[in-house]
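[1] sequence plus the predicted model coming up.
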Amino acid sequence: GAIASARGLVKVYGSGETAVRALDGVDVDFAAGELTAIMGPSGSGKSTLMHCMAGLDTVTDGTVVVGGEDIARMNQRGLTKLRRDKLGFVFQAFNLIPTLTAAENITLPLDIARRPVDRDWFDTVVEAVGLGDRLSHRPSELSGGQQQRVACARALVSRPAVVFADEPTGNLDSRSSGEVLSFLRHSVDVLGQAVVMVTHDPTAASFAHRVLFLADGRLVGEVVNPTTESVL
Ligand code: ADP
Ligand code: ADP
């Protein structure tokens, strides 16, 4: 079943003459064990869709249910808790803390929330991310691909309902991109996570189980990737 859903999702920025209808009635479902890529031209509403589904932006109309909770009318405090307890985030800029080791960066969300680290899950994620002894390195001692893999492991460490990745390979060369995408795909196929990724990169989209296309705030197409199989 769906772990995150939107029905009739509308997002309008501003009001009156200058209002922008960034999302114009989107119905979508994201499921565990599925890597979904969202593509579309610049300004089509990709980031807005992700932000509305992830509790980073308020919704103008429609329903959004994430991890069993209706978040469309949740207050900021509730949204903060939802993001902390149920969601993981990966950004184009890796956003690691430079003074912490890779391992410390990975457990940071739990430390901030004062939640215990599930050691079995941590070990599973860390083994899958393939950083070996570089777990004790600081970000400046890691390549871009390694830093983004640390950021992906950090997004997974709380075992979130959904991981949202915004252009996760936007700053990476093709080889590093492949490493990051392989790990995200592994987290879906082997660890059973739900991952939603906004991307411009067709190679990144080729790692997805399905690709959704947005144009002018509407879903205009969906391709279930016929060639995908586990890449590991
Ligand atoms: P994409 O991620 O596909 O490039 P966005 O979701 O960023 O598209 O933007 C969709 C539309 O909403 C665009 O017309 C954009 O200019 C507008 N928009 C996005 N964020 C804001 C904002 N904070 N204020 C006003 N308009 C916005
Ligand atoms: P990998 O073999 O893990 O894919 P690379 O071939 O990109 O990584 O880099 C080899 C090693 O060089 C990495 O393990 C990393 O320690 C170091 N390295 C690469 N790029 C950088 C960088 N931009 N800053 C610091 N160290 C780097």
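    Structure received. Ligands and ions are numbered 1, 2, ... in the order given.
[2] bridged to the residue nearest to the spatial centre of the chain, which residues?
    Centroid check for the chain by C-alpha atoms, centre = their mean gives Phe164 as the closest residue, at 1.3 Å. According to DSSP bridges, the residues that bridge with Phe164 are Phe89, Val196.
[3] ok, it - contacts?
    Met50, Met53, Ala54, Leu87, Gly88, Phe89, Val90, Val196, Met197 (C-beta atoms under 8 Å, 6 or more residues apart in numbering). Every residue, glycine included, has its C-beta placed from N, CA and C.
[4] now pLDDT and distance to Val117 too, for these, in CSV please.
    Shown next, in CSV, are these (pLDDT from 0 to 100; distance: C-beta to C-beta, whole Å):
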residue, pLDDT, distance to Val117
Met50, 97, 27
Met53, 97, 27
Ala54, 96, 23
Leu87, 96, 18
Gly88, 97, 15
Phe89, 97, 18
Val90, 97, 19
Val196, 98, 25
Met197, 98, 26
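[5] pretty sure Thr124 contacts Leu191?
    Yes: using C-beta atoms under 8 Å, Thr124 is in contact with Leu191, at 6.8 Å.
[6] in this structure, what residue lies closest to ligand 2?
    Ser143 (3.4 Å; C-beta to the nearest ligand atom).
[7] how much space separates Ala165 from Asp111?
    Using C-beta to C-beta, to the nearest Å, Ala165 is found at 22 Å from Asp111.
[8] what of Asp70?
    Going from Asp70 to Asp111 by C-beta to C-beta gives 30 Å.
[9] kindly report the same for Phe213.
    Distance, Phe213 to Asp111, using C-beta to C-beta: 39 Å.
[10] who has more neighbours out of those two?
    The neighbour comparison of Phe213 against Asp111 (other C-beta atoms under 10 Å) goes to Phe213, with 18 against 12.
[11] look at Leu212 and give its secondary structure.
    strand (DSSP: H, G, I helix; E, B strand; the rest coil).
[12] can you get me a residue count around it?
    23.
[13] check contacts around Ser5.
    Residues counted as contacts of Ser5 (C-beta under 8 Å, 6+ apart) are Val28, Asp29, Phe30, Thr63, Val64, Val65.
[14] re earlier: which residues do Thr124 and Leu191 both contact?
    In terms of C-beta under 8 Å, 6+ apart, Thr124 and Leu191 are not both contacted by any residue.
[15] all strands of the chain, in order?
    Shown for the chain, the strands assigned by DSSP state E span residues 2-13, 20-31, 34-39, 61-66, 69-70, 87-90, 162-166, 194-198, 210-215, 218-224.
[16] got a markdown table for those strands, with distance to Ser136 too?
    Converted to a markdown table, these look like this (distance: least, C-beta to C-beta, whole Å):
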| stretch | distance to Ser136 |
| --- | --- |
| strand 2-13 | 34 |
| strand 20-31 | 35 |
| strand 34-39 | 30 |
| strand 61-66 | 35 |
| strand 69-70 | 37 |
| strand 87-90 | 22 |
| strand 162-166 | 24 |
| strand 194-198 | 27 |
| strand 210-215 | 37 |
| strand 218-224 | 41 |
